[in-house]
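Asker: From the sequence below, what's the structure:
(one chain, ligands or ions: 1)
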Amino acid sequence: MSHRRSSCQANDLFPREIDIEICLKTLKIFQKIEGDVNCVVWDASLVLAKYLETMCQNKPDFLSGLKVLELGSGLGVVGLTAATLGAQVTLTDLPEALPLLRLNINENKSKICSMGGYAVAESLVWGDSSSEILKEEFNMIVMADCVYYEEAVDSLIYTLLCLINTLAKKPTIYLTQELRDTEMQKKIWDKFYMLLIDNFHVEKIPEEQQHVNYRSSDIVLLKLNKK
Ligand SMILES: C[S@@+](CC[C@H](N)C(=O)[O-])C[C@H]1O[C@@H](n2cnc3c(N)ncnc32)[C@H](O)[C@@H]1O
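Answerer: Below is the predicted model:
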């Protein structure tokens with residue numbers, strides 16, 4: 001996959017509003033009319049964002065003050081939701097995705113601050129062992145719909161392993177993935193899943209524990225911990 005430059009022009013963009021019901025805030029997320037996979041909100045991000053909200057409904061301090069890292073943030077729905085629910089979030093993606101991601105952070109900054117949260121965007125390319133982010137300690141890692149091309153599978157697993165390989169904190173990883181039904185997508189997911197079960201304790205979160213309106217039999221939600 002090539003890493004392309006990108007910019008944001010106002011006439012390219014259209015907003016999508018996402019309600020965070022438990023704190024009566026509405027995120028405004030700018031998408032691009034045309035662009036790469038990081039320019040639209042994917043359903044798997046809504047399922048994960050709404051799961052975090054459901055968890056906070058059951059346990060109000062679930063995210064408060066936690067250091068959270070998001071991989072492959074795209075437009076930032078998951079990370080921005082976590083930040084609005086009180087987490088200190090580093091949202092990451094390829095360098096070319098950062099201008100639009102940062103625009104979305106700025107757009108929602110006052111709501112996030114009013115809830116005691118924080119959000120910042122940084123570049124983190126999977127497989128890059130030189131990233132300073134790998135030296136940080138996180139309580140939680142989140143990622144939505146990041147398993148969709150074969151070349152990225154090993155590097156994504158490598159990055160996850162670097163991030164959980166810390167002495168102090170043992171971050172819990174929550175990930176959602178839309179299971180697409182082409183042969184290629186099935187093969188990619190199977191390869192990724194085999195590597196997951198080799199390296200992590202993997203728990204599948206049943207649909208009935210997810211948000212009542214934001215769950216789908218096509219989207220898997222997993223909780224991972226270090227073995
Ligand atoms: C299908 S999109 C999902 C975006 C967002 N998580 C969502 O669900 O709306 C996959 C994301 O992974 C990012 N990505 C792809 N390859 C990457 C890599 N090698 N390193 C870091 N991010 C990558 C893309 O830029 C994109 O934002």
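
Asker: Name the spans of the protein whose pLDDT lies under the cut-off.
Answerer: 1-10, 167 (pLDDT under 70).

Asker: and the residue nearest the centre of it, bridged to which residues?
Answerer: Residue closest to the average C-alpha location in the chain (Cα atoms, centre = their mean): Met143, at 3.1 Å. Beta-bridge partners for Met143, by DSSP bridges, are Leu71, Leu175.

Asker: roughly how far apart are it and Ser110?
Answerer: 26 Å (Cβ to Cβ, to the nearest Å). All C-beta spots, glycine's among them, are computed from the backbone N, C-alpha and C.

Asker: What of Val37?
Answerer: Applying Cβ to Cβ to Val37 and Ser110 gives a distance of 29 Å.

Asker: CA-only coordinates of the one helix or strand Asn106 maps to in PDB, if you can.
Answerer: Under the criterion DSSP states H and E, the helix or strand holding Asn106 is helix 98-114. Extracted in PDB, the C-alpha atoms of helix 98-114 (Å, rounded to 0.1, in the frame of the first residue of the first chain):
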ATOM      1  CA  LEU A  98      -3.100  13.100   9.900                       C
ATOM      2  CA  PRO A  99      -4.400  16.400   8.500                       C
ATOM      3  CA  LEU A 100      -8.100  15.300   8.500                       C
ATOM      4  CA  LEU A 101      -7.700  13.400  11.800                       C
ATOM      5  CA  ARG A 102      -6.300  16.600  13.400                       C
ATOM      6  CA  LEU A 103      -9.100  18.600  11.900                       C
ATOM      7  CA  ASN A 104     -11.600  16.300  13.600                       C
ATOM      8  CA  ILE A 105      -9.700  16.500  16.900                       C
ATOM      9  CA  ASN A 106      -9.800  20.300  16.800                       C
ATOM     10  CA  GLU A 107     -13.500  20.300  15.800                       C
ATOM     11  CA  ASN A 108     -14.400  18.300  18.900                       C
ATOM     12  CA  LYS A 109     -11.700  19.600  21.300                       C
ATOM     13  CA  SER A 110     -14.000  21.700  23.600                       C
ATOM     14  CA  LYS A 111     -16.400  18.700  24.100                       C
ATOM     15  CA  ILE A 112     -13.400  16.500  25.000                       C
ATOM     16  CA  CYS A 113     -11.900  19.000  27.400                       C
ATOM     17  CA  SER A 114     -15.300  19.600  29.100                       C
END
